[in-house]
Structures are given as structure tokens and as C-alpha cells.
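*Asks:* Kindly return the folded structure for what I paste below:
(chains A and B)
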Amino acid sequence: MSEDHRPENQSEKRLDQMIGSLPVYRAPERDISEIGSATYVANRRVGLQRLIPRSSKHRWATVLGSAALWLFITLVGVGDKVPTVRLPGKLSIADLDAALIDPTTTRAGVEDPLLWIGAGLCADEISPEVEGAYLCVLDPESALAEAGVTAGAVLTGFNLKTVRTEDELLAHISDLRPGESVQVEVAVEDVMITVQVVAEMRTLNGYPFGFEWSPALLTHTNTPRPGEINPSEIFRTATQEEYDGDEVVGDRMPAGLEGVAVIAEVAAGRWESMRLLRHFPNPFVPGGLKLGDLVLTYNHEPTPTIVALLEAIGSTYGYETVEVKVQRGPTQVLLSIPLS
Amino acid sequence: MDPIQAEHREMRPSGNRELIERLRRGEAEAQRELYVSQKDAVFSAIYRLVQNTSDAADLTHDAFISAFERIGQLEDPAALYGWLRKLATRRALEGIRLIDRRRGLLNRRHSGPTFARPCSLDGVELEAAISRLPEKLRIIFLLHAVEGYQHSEIADELGITPVASRARLGRARKKLIEALRLNQEHG
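*Replies:* Residues are numbered from 1 along each chain as shown, chains lettered A, B, ... in the order given. From the prediction side, this is the model:
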């Protein structure tokens, strides 16, 4: 074996070791009370299990409705096709201006916001005249919809980059940082419109902290909302100087506070994975951590350095809640922070 | 060894034969027993392939129903969990084809399920790197490295040649090593 191949072989071995540590996920809770029952199996066989209310008086109505729908799909033949959506654009410049004046588009309680832009693109429906992709589906609560864009418009650019497919769009989005402003270009009835949106970071509901790697949501706004704190002002992305190999070296440790991790050192964008440089929604802001807090312990582990803090955080994957003790001014505060 | 596979090995009781007999008789209690003990493992395997929590949950359900209906075809009681896993994998591959057809209509949402138990940083990082692989490479990597398929079996499942399967696996591993920077770690 030559020396040249040694690192590669070691890498291969390391990869094989890592395979053994893949996580086991919890299957979402389902009602299994009917599993195995004759009703369940019979329903399942006709493919109606998920459509039939288990104990509803409308069960028969649902069955008949489903049968009618199946018949329609079979006869008309739309089941296997991608519907072509070419709705006329309804946006006027005046409408867009009006929408821009009131940028109150925060959507509370978003449960599944990862890479959420509220728009689905039809890659197959690219206009031959316009370089771009049709917006087939538009969530009414999306920034684009709230800016007045409707399904049927053509998305032509994202931050001056051409977009032809959903993958391209997602690739552009994944480069975003929270708080970053981007331009989304849309063609509506031959009129090119630019919508200004701001990437937001939000805590996810119902998902384990540490696994999500969504960078941002898009919120349509031109100005910061009053009273809203921009996450990028609380946490910052670690700079190159802070990297020492794969570890962050705290360079902002204030004099006289040696041995305490300062929360400003926890970078929003990259604080979790030094190797993949992924973004993670940060649960600490809603959890009560504040800029300037000094992290004394993380889940009862002393955190004298940033590296110790990151290691402590890394050891709590899958935990639902952690306790963080911080020094805030003259007092110590114990925060219980939900991670999922 | 995949932790789930290892778990299967530990959970393979001498009473498999009895459980299978009860399953063959269609006992609801036996079906529930299998479902409760294996749902997380089956869901995890399917989720990695389809990369969507909701679809994986549906396919997990389907896989179990399919297993209950076909339990009569299982000959070796010791192979119960492997057989169930293979059935689940097949359902996931069928599911991917269906999901592909509606791609472009739906907004893609990368939603992560919750962990069944705490896991290591390595596992989470590898999971994320796997999810970033192109679909063709991801499926072959998972089938071979995690599910233990031979290249000939992968070729049969996916309608490709074993040589293509081997080549894609090599590309997948290379991409993972690069993504995880393992080559720099040992450089």
C-alpha cells in the first residue's frame, strides 16, 4: 500500500465507521388501533384508508366521493400527467407598490418552513420566450403571493441569477444568510417586476434541533419591522480567523472574563457544523439567550471555551430541552431551552 | 454495521417462529407487536430513501400492511426483520417513482423527523451529507452501505447494470468523503 493511498483508505474506513452511527428516527405517531383488523385491511385493499373517516357518520359520503373522483381521474386521464398551469398574471405595478408599503408578512407558527419559499416551479413549463420557470403553485402566505405575484407568473431571476428549475432556486436560497436581502425577479404578462425579500431564520416546531439545515425563509419586506431583532445582529457567522482547522477559536473573549463563553461567539450560520458549514435554525433566541450573555454551563457541563460549548451542544443531539446557565449582568440566569 | 441492523440482530428472538405463526393467523395483537417494535427502524430506512417525513410515514404504514398480507411468503423465520426491511425498501423505491411524478408541483420541504433516541454528531453529519447526494447516488449508497444489498440486487431493483451500480456507489462514497472533509481529516 503506498503512502499516497493511505489517507484515502483511512477516509473510507472513517466513512464506514460513520455509517454505523446513523440516527434512528421516531416514526410519526399514527393511529394503529385498526391495524390488522378486517376493516383496516379491507379499506387498505381498495386504497381508501386515508380517505375514510374512521368513525364518522360521513363515511359513506366520503367513499362515494372518492369513487367519483377515481372515476373522473380514470376517464379524464389526468392522474399521470403534470397539470399545466398557465393562469394569467393578475399583478399590476400599483398592486405591487401597495403591497410593498405594508410588509407585515411574518407567518407565525410555521411548522414546516425548511427551504420554504411558498412557491412550486414547473420545470417542464419553461417559457420559450422567457428564460425562467413558471410558478405553478403559490402558497397564499408566501412572500411572493403577498407581494401580489400569482401562480402562472414566470420566475426569471433570484439575486441576479437565472432560475430555470426548483433545484436551481433552492441552490440559490441555500447560499443565503439570515437578514440578507435578495431580489426576486418575476415576469407577469410581459412586465418584469422585482420583489425585494429578506431571508429570515426561524425556529422550527416539532423538529429536533441540530438536524435541520435550512438557511432561511423569505419574508417580503423592504424595511425591518419595528421592534424586530434581526438574528444576524444577535449572532454572527464565524469569521475565517476564528477557524482553526475544524474548531472555532474564540477571539472575542473580553478581558477579565477568561473561562466563560460569550454568547456572541455562537455563530448563527455555522455554529453547529464546522465541516459542512450548514445553517441551523437557532433555538436560543426564543429560548431567552441574549446578546452579551456569558454561558457558564450547558446542560450542566461547564463551558469555559467556545470549543467546550460546541462540544457540549454536540452531545445533546436529540435532546428535547437543555438547561443553560448564563451570567447576565450581575445575576446568573438558568434558562430551559426547548430544542425541538 | 448499521445500528438498525444491529438492533434487528439483538431483537431477533427465538420466538420469531411463534410471532410469524400468529401473524399468519392474522392476529391483530401480533401485527401490532411487530409494528410497535419495528416502526422506527422501518421508518428510518424509508425516510433516508424518500427524504420526506410525510411520504415516509405513509410508506411505512403501507410497508407494514404489505408485510401482513404477504407474511405467508416468508419461509425463514430468522429472516423476519430483514424481510420486512427489504419490503420497506421496495415500497420506498416505488414511492420515489410516484413522488418523482409530482415533483415540480409541490414545494419541496426538507423536514426532518425527530430522533427516536439521542445520536452522535457523526451520524447527523453523515445523514445530512447523504441527503445532499444526487438521488441516483443516494439510493445506491443507501441500498448497498446501509441496507446491505449486493450490486446484482440493486441492478435488479433499479433496472441498471451491476457495473453501473458499482460505479455510482464509488461516486457516492467519494462525494461523501469530500462533503465530510474526511480526506482532509486524515490528510
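
*Asks:* per-residue confidence for residue 61?
*Replies:* Since no chain was named, I'll use chain A. pLDDT, A:Ala61: 55.

*Asks:* that's the wrong chain, I wanted chain B
*Replies:* 82.

*Asks:* what do you get for A:Phe284?
*Replies:* On the pLDDT scale, A:Phe284 gets 64.

*Asks:* List the contacts of the most centrally placed residue in chain B.
*Replies:* In chain B, the centroid-proximal residue (CA atoms, centre = their mean) is B:Ala45; its distance is 2.5 Å. By CB atoms under 8 Å, 6 or more residues apart in numbering or on different chains, the residues touching B:Ala45 are B:4, B:85, B:88-89, B:92, B:142, B:146-147. Placement of C-beta: from N, CA and C, glycine included.

*Asks:* Looking at those, point me to the pair that's furthest apart.
*Replies:* Distance extremes for those: the farthest pair is B:Ile4 and B:Ala92 at 13.9 Å, using CB to CB.

*Asks:* more crowded one of those two?
*Replies:* B:Ala92 (27 against 23; other CB atoms under 10 Å in any protein chain shown).

*Asks:* For whichever strand or helix holds that one, buried residues please.
*Replies:* Take DSSP states H and E as the rule and B:Ala92 turns out to sit in helix B:80-102. Burial within helix B:80-102, assessed by neighbour count using 16 or more other CB atoms under 10 Å in any protein chain shown, is assigned to B:80-89, B:91-93, B:95-96, B:99.

*Asks:* Out of these, flag the one nearest to B:Glu157.
*Replies:* Once CB to CB is applied, the member of these that ends up nearest B:Glu157 is B:Leu93, at 6.1 Å.

*Asks:* host element of the closest residue to that closest one other than its chain neighbours?
*Replies:* Sequence neighbours aside, B:Glu157 is the residue nearest to B:Leu93 in space, at 6.1 Å (criterion: CB to CB, 6 or more residues apart in numbering or on different chains). According to DSSP H and E, B:Glu157 maps onto helix B:151-158.

*Asks:* what mean pLDDT does that helix have?
*Replies:* 89.

*Asks:* What lies in contact with whichever helix or strand comes after it?
*Replies:* For helix B:151-158, the following helix or strand on the C-terminal side (DSSP H and E) is helix B:162-179. Outside helix B:162-179, the residues within contact range by CB under 8 Å, 6+ apart are A:8, A:11-12, A:15, A:276, B:126, B:129-130, B:132-133, B:136-138, B:140-141, B:144-145, B:151-152, B:154-155, B:158, B:182-183.

*Asks:* can you do 7 Å?
*Replies:* Contact partners of helix B:162-179, identified using CB atoms under 7 Å, 6 or more residues apart in numbering or on different chains, comprise A:11-12, A:15, A:276, B:129-130, B:132-133, B:136-138, B:140-141, B:144, B:151-152, B:154-155, B:183.

*Asks:* the bottom helix or strand of chain B by mean pLDDT?
*Replies:* Least confident helix or strand, chain B: helix B:3-11 with a mean of 41, by mean pLDDT, DSSP states H and E.

*Asks:* pLDDT value on A:Leu121, please?
*Replies:* A:Leu121 is given a pLDDT of 58.

*Asks:* Give the other helices and strands that the helix holding B:Ala92 contacts.
*Replies:* Other helices and strands packing on helix B:80-102, by 3 or more CB pairs under 7 Å, 6 or more residues apart in numbering or on different chains; DSSP states H and E, are helix B:3-11, helix B:28-50, helix B:53-70.

*Asks:* Dump these to a markdown table, plus distance to A:Asn159.
*Replies:* Below are the helices and strands packed on helix B:80-102 laid out as a markdown table (distance: least, CB to CB, whole Å):
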| stretch | distance to A:Asn159 |
| --- | --- |
| helix B:3-11 | 41 |
| helix B:28-50 | 30 |
| helix B:53-70 | 29 |
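
*Asks:* Which one of those helices lies nearest to A:Ala153?
*Replies:* Using CB to CB, those put helix B:53-70 closest to A:Ala153, at 27.3 Å.

*Asks:* Check which residues of that closest one are buried.
*Replies:* Those would be B:53, B:55-68, for helix B:53-70 by 16+ other CB under 10 Å.

*Asks:* bridging residues for A:Thr331?
*Replies:* A:Arg328 (DSSP bridges).

*Asks:* Now do it against chain B, distance only.
*Replies:* 31 Å (CB to the nearest CB, to the nearest Å).

*Asks:* thinking again about what came up before, okay, the contacts of B:Ala45 in CSV with distance to A:Glu323 next?
*Replies:* Below are those laid out as CSV (distance: CB to CB, whole Å):
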residue, distance to A:Glu323
B:Ile4, 31
B:Arg85, 38
B:Ala88, 38
B:Thr89, 40
B:Ala92, 38
B:Leu142, 36
B:Val146, 35
B:Glu147, 39
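
*Asks:* tell me what whichever helix or strand comes after the helix holding B:Ala92 is packed against?
*Replies:* The C-terminal neighbour of helix B:80-102 among helices and strands, as given by DSSP H and E, is helix B:121-131. Helices and strands touching helix B:121-131, by 3+ CB pairs under 7 Å, 6+ apart, are helix A:6-19, helix B:162-179.
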